[in-house]
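with the sequence up front, the predicted model follows.
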Amino acid sequence: MAISLRQAVRVGGYIFKQKLKGNRQYPLVLMLEPLFRCNLACIGCGKIQYPGEILKKNMTPEQAFKAVDECGAPVVTIAGGEPLLHPEIEIITKGMIERKKFVYLCTNAILLEKNLYRFEPSPYLTFNVHLDGMRERHDHSVDREGIFDIAIEAIKKTKAAGFRVNTNTTVFEGETAEGLHEMFDMLSELGVDGMTIAPGYAYEKAPDQDHFLSRQKTNQLFRQVLAPLSTKRGKKWVFNQSPLYLKFLMGEIDYECTPWGSPNYNIFGWQKPCYMFSDGYAQTFREYMETTDWEKYGRKSGNPKCQDCMMHCGHEPTAAIDATSSLKNMLISIRGLS
């Protein structure tokens, strides 16, 4: 299990506490976007398609701290944009760690090695490196040659410096199980602390609209991708996500989205309904929870934006909560899919 025991115990205790209080809607992961600016223009990303005046904006540390305190989620994912472009990212990260939040700082790794001095190794901090496949596949995804090699070297240097490192892989149409298996083998040899994998979401503003996976194609591909987990080869692969969510990707479990499980706070405010698309903003977390019409979202709602979405930000919280619903699911979560 790639998720640290410390984090698993903290999050599990948090879920049980929410259930004892009778709460049915609560956040598990705060998706924090302190900027939209980036040094890449990935073909599947819709986050950087904003006017220049918006891309220049930075969330202040005070705004970030207020958001995490309002939200109360035990885990914080810092995304963007490229977080390492933020002039005060180390202050934001340190403040989250001081609050005993488990921080996943997402990065394309271009600036990672030269910025390590701004951080200190901590069991609460994990660098989450974007890697969408082996060299040719990844460089195509980020639309720039040489980025794969930079990311691999940065992973090596970051691990050598004593930091936790995970990878985050978004899968698009055209990817093969064999290609992903090759990447899993390589990352396992590098000693990454965990890997995260999920199908891409069809951002309306993404430059490439032709390679997002349908739900059926996602199920078919992920059954092939995860088939070796019970073999000697697959047992070396360590995923930093719920085994129940992986079963969902394979089509073995049907989950509804839990959009409030990973609320998104960015430079505009609390984004309704989720990290993946916006139907407006709230200025406080309470306003976000109370004024969002949750019945309009999720596959059962019939909302066309939700029909093929199987993203981890909406469905991992469902899987995490389901893991505490029975002894069987707890054991699956502990033992994995092997």
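Sure, I can see it.

and the residue lying closest to His315 once chain neighbours are set aside, what does it touch?
Setting aside the residues directly before and after it, His315 is nearest to Tyr255 in space (C-beta to C-beta, 6 or more residues apart in numbering), at 5.1 Å. Every residue, glycine included, has its C-beta placed from N, CA and C. For Tyr255, the contacting residues are 245, 248, 315, 318-319, 322, by C-beta atoms under 8 Å, 6 or more residues apart in numbering.

again, but for Ile48
36-38, 41, 55, 81.

swap in 10 Å and give it another go.
35-42, 54-55, 80-82, 205, 207 (C-beta atoms under 10 Å, 6 or more residues apart in numbering).

any idea which of the contacts of Tyr255 is closest to Tyr275?
His315 (11.8 Å; C-beta to C-beta).

could you tell me whether that closest one really is in a helix?
Yes. Remark: His315 belongs to a helix, assigned using DSSP: H, G, I helix; E, B strand; the rest coil.

how many residues are close by it?
Counted with other C-beta atoms under 10 Å, the neighbours of His315 add up to 25.

start at 224 instead
OK, 224 is where the count begins now, so the last one is His538.

let me know the pLDDT of it.
You'll see His538 listed with a pLDDT of 93.

my guess is it contacts Leu472. True?
Yes. At 8.5 Å, His538 counts as touching Leu472 under the criterion of C-beta atoms under 10 Å.

who touches both of the two?
Common neighbours of His538 and Leu472 (criterion: C-beta under 10 Å, 6+ apart): 421, 478.

rewinding a little: got a PyMOL select line for the buried ones in the contacts of Tyr478?
To isolate the buried ones among these in PyMOL, judged by 16 or more other C-beta atoms under 10 Å, type:
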select buried, resi 468+471+538+541+542+545
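
and Met406, what does it touch?
Neighbours of Met406 in contact, by C-beta under 10 Å, 6+ apart: 354-358, 360-361, 371, 390, 392, 398, 418, 420, 460.

I misspoke; the intended subject was Glu412.
Lys459.

state the distance from it to Lys379.
Distance, Glu412 to Lys379, using C-beta to C-beta, to the nearest Å: 11 Å.

can you check Gly402 too?
On the measure of C-beta to C-beta, Gly402 and Lys379 end up 21 Å apart.

ok, and the closest non-adjacent residue to Ser524?
Glu518 is the one closest to Ser524 (C-beta to C-beta, 6+ apart), at 6.3 Å.

wait, a strand at the one you found?
No. Counting by three-state DSSP, one finds Glu518 to be helix, located in no strand.

pretty sure it is touching Pro482, no?
No. Checked against C-beta under 10 Å, the pair Glu518 and Pro482 is beyond contact range at 11.4 Å.

the closest residue to Gly318 other than its chain neighbours: how many residues sit nearby?
Nearest non-adjacent residue to Gly318, counting by C-beta to C-beta, 6+ apart: Phe288, 5.2 Å away. Look at Phe288: counted by other C-beta under 10 Å, it has 16 neighbours.

so Phe288 is in which element?
Per DSSP states H and E, Phe288 falls inside helix 284-294.

just how off-centre is that helix within its chain?
19 Å (C-alpha atoms, centre = their mean, to the nearest Å).

could you point out the longest helix in this structure?
helix 228-243 (DSSP state H).

what about the residue nearest to Ser524, distance to Pro486?
Taking C-beta to C-beta as the measure, Glu518 and Pro486 are separated by 17 Å.

how about Glu513?
For Glu513, the distance to Pro486 - C-beta to C-beta - is 13 Å.

common neighbours of the two, please.
Counting by C-beta under 10 Å, 6+ apart, the shared contacts of Glu513 and Pro486 are Ala505.
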